[in-house]
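> Test case, fold it:
(2 chains)
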Amino acid sequence: MASSVPKTSWADDVDDLELPKNEEFVDENGIRTTIEYALNEDGKKVKITRRIKRTLQKSVVDHAVAERQKWAKFGQEKGSKPGPDRATTTVGENVSLKLTAGNKQSEAEQAPEETMKSRVKAAGAGKVACRLCKGDHFTAKCPYKDTLGGLENTDTGAGPDDDVGVGADTSAPAATSGGKYVPPSMRGAGGGTRGAGESMRGAGNRDDLPTLRVTNISEDTQENDLRELFGGFGRVARVYVGRDRETGAGKGFAFVSFEEKANAQKAIDKVHGRGYDNLILSVQWSQPRPDGK
DNA sequence: CTTGAGCGG
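The predicted structure follows:
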């Protein structure tokens, strides 16, 4: 065992390595002086002093901020020089935190780009181009959607555009399914002639539910209030209260959808003209929202 | 006075 221990005690060594804390201050002229202590190659302590004139600051710092730096300090810092003391204060840049799903980091670097994209989108407000006919509507709303049989048959290469070249490998996995999920009941006439809608109630589309427009409701009427009010006439499928997007305050109208049209009609008959919260309700059939065609 | 919001960039 090599028991030869250096003569200098361990404690001395540490004491030798102990360095004064770094210092930093800014004088009235805006010159920041930083003092660091370090060891050079010979193991000697050296003092490094840097004086940095903050030329940039004059142009960058907001006037109000510069003014604020002159304020007298209070509390524990009372009597200290104005301006941030970098020994106790961290002067930071803006830090933005981004929450990502699945612990993925790769998106982080692309974030600025993403922001740019959304800005561009905001600038060119509502510019859409149909992938089928290049119209200014969504593909799903394309008038020719039915005529063209949708995207599922068109394949990648058959698209109306010149995005050729890589068609092979992108379309490969999509060849059989078209790349989109199709519920079993909607799938082509393979072998199962199972009745359409065996598991689905009616058309299953919520758009064709019998819907009432209820107006003249008080602005604090909630969905639950309306469910309560209309629930007695039959099953209420959906209730929507028109609200201000920002404040959440009611706008005085609502939609109530029933499962059965007959029940909706009963509700009209019974509730229309009826008092509710010091107001007289108005209930009538709702017009389907204007479809962009 | 009073008819919704989202879906794709």
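
> Up against DNA strand B, what does the stretch 1-150 of chain A have?
A:117, A:121, A:128-131, A:137-140 (CB under 7 Å from any atom of the strand). All C-beta atoms are positioned from the backbone trio N, CA, C, and that covers glycine.

> Using neighbour counts, give me the buried entries of the residues you listed.
Neighbour-count burial (16 or more other CB atoms under 10 Å) applied to those gives A:130-131, A:137.

> quick check, stretch A:280-293 touching DNA strand B?
Yes. Judged by CB under 7 Å from any atom of the strand, stretch A:280-293 and DNA strand B are in contact via A:282, A:284, A:286-289.

> where does chain A have low pLDDT?
A:1-63, A:65, A:83-84, A:86, A:88-126, A:148-207, A:291-293 (pLDDT under 70).

> Could you rerun that using 50?
Counting by pLDDT under 50, chain A contains low-confidence residues at A:1-17, A:54-60, A:93-100, A:102-124, A:150-179, A:183, A:188-205, A:292-293.

> Can you give me the domain assignment for it?
A:23-51, A:208-285 (the TED database).

> I'd like those as JSON lines, with mean neighbour count appended.
As requested, the domains of chain A are exported to JSON lines (neighbours: other CB atoms under 10 Å):
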{"stretch": "domain A:23-51", "mean neighbour count": "12"}
{"stretch": "domain A:208-285", "mean neighbour count": "16"}
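
> Which among those is found nearest to A:Gly75?
Across those, A:Gly75 has its closest neighbour in domain A:23-51 (19.8 Å, CB to CB).

> Okay, now the sheet partners of the helix or strand A:Val283 falls within, with direction.
According to DSSP states H and E, A:Val283 maps onto strand A:282-285. Neighbouring strands of strand A:282-285 in its sheet, by DSSP bridges, are strand A:211-215 (antiparallel).

> The strand it pairs with close to DNA strand B?
Yes. Counting by CB under 7 Å from any atom of the strand, contacts between strand A:211-215 and DNA strand B involve A:211, A:213, A:215.

> ok, so what distance separates the residue lying closest to A:Pro82 once chain neighbours are set aside from A:Asp85?
Excluding the flanking residues, the one nearest A:Pro82 by CB to CB, 6 or more residues apart in numbering is A:Lys70, at 5.0 Å. Per CB to CB, to the nearest Å, A:Lys70 is found 14 Å from A:Asp85.

> More neighbours: which of those two?
Between A:Lys70 and A:Asp85, A:Asp85 has the larger neighbour count (other CB atoms under 10 Å), namely 15 against 8.

> Was I right to think that one contacts A:Gln69?
No. In this structure, A:Asp85 is not within contact of A:Gln69 by CB atoms under 8 Å, at 11.3 Å.

> can you pull the contacts of the residue in the stretch 51-200 of chain A that DNA strand B sits nearest to?
Residue nearest to DNA strand B within the stretch 51-200 of chain A (CB to the nearest atom of the strand): A:Val128, separated by 2.8 Å. A:Val128 makes contacts with A:136-138, as judged by CB atoms under 8 Å, 6 or more residues apart in numbering.

> ok so, going back, against A:Lys261, how distant is the residue nearest to A:Pro82?
Taken as CB to CB, the span from A:Lys70 to A:Lys261 is 74 Å.

> same deal with A:Arg238?
From A:Arg238 to A:Lys261 the distance is 14 Å (CB to CB).

> try A:Phe253
21 Å.

> Quick check: which helices or strands does the helix or strand A:Ala264 falls within pack against?
Using DSSP H and E, A:Ala264 maps to helix A:261-271. Helices and strands touching helix A:261-271, by 3 or more CB pairs under 8 Å, 6 or more residues apart in numbering; DSSP states H and E, are strand A:211-215, helix A:223-231, strand A:250-258, strand A:282-285.

> Are the second one and DNA strand B in contact anywhere?
No. For helix A:223-231 and DNA strand B, the contact criterion (CB under 7 Å from any atom of the strand) is not met; the two come no nearer than 10.9 Å.

> send the alpha carbons of that helix over as PDB?
Extracted C-alpha coordinates of helix A:223-231, given in PDB (Å, rounded to 0.1, in the frame of the first residue of the first chain):
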ATOM      1  CA  GLU A 223     -76.700  24.500 -20.200                       C
ATOM      2  CA  ASN A 224     -77.900  22.700 -17.200                       C
ATOM      3  CA  ASP A 225     -80.800  25.100 -16.700                       C
ATOM      4  CA  LEU A 226     -82.000  24.400 -20.200                       C
ATOM      5  CA  ARG A 227     -81.600  20.700 -19.900                       C
ATOM      6  CA  GLU A 228     -83.700  20.900 -16.900                       C
ATOM      7  CA  LEU A 229     -86.300  23.000 -18.600                       C
ATOM      8  CA  PHE A 230     -86.500  20.900 -21.700                       C
ATOM      9  CA  GLY A 231     -85.700  17.500 -20.300                       C
END
